[in-house]
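Enquirer: Test case, fold it:
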Amino acid sequence: MEIRPEIRAYYETAPEHQRLRTGCFQLEFERTKELLLARIPQPPATILDVGGGPGLYALWLADLGYEVHLIDPVTSLLEFAQTSNKRSERPIASCNVGDARDLHWHNESVDAVLELGPLYHLVDRDDRFRALKEAFRVLRTGGQVFAAAISWFASALDGMSRDLLADEMFRAIVTSDLKEGIHRNDTGALEYFTTAKFHRPQELKDELTHAGFGNVEVLGIEGPGWFLSDFDERWNDKRKRHDLMMMARALEGESSIQAVSAHLLAVGTKE
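Expert: Predicted structure coming up:
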């Protein structure tokens, strides 16, 4: 299976390996790790990181003692993960090219599946369902899937924060996002992202439930702190960073405000 050419081109060009270490994405990284640690089984356990790109989550989990297998469709991202893996004292167990919709993995063979990217770029609902069903298949009974999604309102809030709406082309992108939940960037500007599906919280929950998962919960990852214009200054201040994290925790389960987060995390159990 192939990913869309514009998506592949984006990830072969954009500095994805640096993203989670810069700007507001640092909040996404720390909060996602926090949410995972509160829910995944204790090591040793087997985790399949599907669409894990340059391997930041995979390397972090491997360092904690998990057996982690990384899969991604973009070769250049995997090559970065493999280079980093060679320097790791507790390496990732495997790094392979693969597709979330067709996992070359045995039935009921892993304890947790991370899909922290695939649902973004599987624009067709049938493709997302197929990816979630594959996660369901490879999980052991009682295992969990962790599926991230981009909020329906992410580009609108980002546009306000960075004053991108002054650009008529970006304004048109946001207008389409808010109407359809499908982000399309035909401008060639990397900072405007690439083709992606945006979710409302209930929509994301419904997709996991439809794929067979039970006890589905949807969590807001960042809360409102990510789009503050002085984010870097706040993040570099110990107390203010604590406040950003505290507020994200306080609002993660509040349905009336979850979608203010740039990213959502859905957790479902194979019962």
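
Enquirer: so how far is stretch 236-255 from its chain's centroid?
Expert: Relative to its chain's centre, stretch 236-255 lies at 19 Å (Cα atoms, centre = their mean, to the nearest Å).

Enquirer: And for stretch 199-217?
Expert: Worked out by Cα atoms, centre = their mean, stretch 199-217 lies 15 Å from the chain centre.

Enquirer: Just the C-alphas of that stretch, formatted as PDB.
Expert: What follows is stretch 199-217, C-alpha atoms only, in PDB (Å, rounded to 0.1, in the frame of the first residue of the first chain):
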ATOM      1  CA  HIS A 199     -11.200  14.800  14.200                       C
ATOM      2  CA  ARG A 200     -13.700  15.900  16.700                       C
ATOM      3  CA  PRO A 201     -13.400  14.000  20.000                       C
ATOM      4  CA  GLN A 202     -16.700  12.000  19.600                       C
ATOM      5  CA  GLU A 203     -15.900  11.100  16.000                       C
ATOM      6  CA  LEU A 204     -12.500   9.700  17.100                       C
ATOM      7  CA  LYS A 205     -14.200   7.700  19.900                       C
ATOM      8  CA  ASP A 206     -16.800   6.300  17.400                       C
ATOM      9  CA  GLU A 207     -14.100   5.100  15.000                       C
ATOM     10  CA  LEU A 208     -12.300   3.100  17.700                       C
ATOM     11  CA  THR A 209     -15.700   1.700  18.900                       C
ATOM     12  CA  HIS A 210     -16.600   0.700  15.400                       C
ATOM     13  CA  ALA A 211     -13.300  -1.200  15.100                       C
ATOM     14  CA  GLY A 212     -14.200  -3.300  18.100                       C
ATOM     15  CA  PHE A 213     -12.400  -1.600  21.000                       C
ATOM     16  CA  GLY A 214     -14.100  -1.300  24.300                       C
ATOM     17  CA  ASN A 215     -13.700   1.200  27.200                       C
ATOM     18  CA  VAL A 216     -12.700   3.900  24.800                       C
ATOM     19  CA  GLU A 217     -11.600   7.200  26.300                       C
END
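
Enquirer: same question for that stretch, mean pLDDT?
Expert: In this model, stretch 199-217 has an average pLDDT of 98.

Enquirer: Buried residues, it. List them.
Expert: Buried residues in stretch 199-217, defined by neighbour count with 16 or more other Cβ atoms under 10 Å: His199, Arg200, Pro201, Glu203, Leu204, Lys205, Glu207, Leu208, Ala211, Phe213, Val216. The C-beta positions use only the backbone N, C-alpha and C, and glycine is treated the same way.

Enquirer: Other residues contacting that stretch?
Expert: For stretch 199-217, the surrounding residues in contact (Cβ atoms under 8 Å, 6 or more residues apart in numbering) are 119, 125, 128-129, 132-133, 135-136, 145, 147, 149-152, 181, 218, 220, 253, 255, 258-259, 264, 266-271.

Enquirer: what ranges do the helices span in the protein?
Expert: Along the chain, counting by DSSP state H, helices occupy 5-13, 16-19, 25-37, 56-63, 75-86, 118-121, 125-138, 154-161, 168-180, 201-210, 231-235, 238-251.

Enquirer: residue nearest the centroid of the protein?
Expert: Leu116 (3.0 Å; Cα atoms, centre = their mean).

Enquirer: on that earlier part again, which of the contacts of stretch 199-217 are buried?
Expert: Buried members of the contacts of stretch 199-217, scored by 16+ other Cβ under 10 Å, are 119, 128-129, 132, 135-136, 145, 147, 149-152, 181, 218, 220, 258-259, 264, 266-270.

Enquirer: Neighbours of Arg137, how many?
Expert: 16 (other Cβ atoms under 10 Å).

Enquirer: Can you give me every residue that contacts it?
Expert: Leu103, Asn107, Glu108.

Enquirer: The closest residue to Pro91 other than its chain neighbours: what's it in contact with?
Expert: Nearest residue to Pro91, sequence neighbours excluded (Cβ to Cβ, 6 or more residues apart in numbering): Asn85, at 4.8 Å. Residues near Asn85 by Cβ under 8 Å, 6+ apart: Gly55, Leu59, Pro91, Ile92, Cys95.

Enquirer: same for the longest strand anywhere in the chain, what does it pack against?
Expert: Longest strand of the chain, by residue count under DSSP state E: strand 139-151. Judged by 3 or more Cβ pairs under 8 Å, 6 or more residues apart in numbering; DSSP states H and E, the packing partners of strand 139-151 are helix 25-37, strand 110-115, helix 118-121, helix 125-138, strand 196-199, helix 201-210, strand 263-269.
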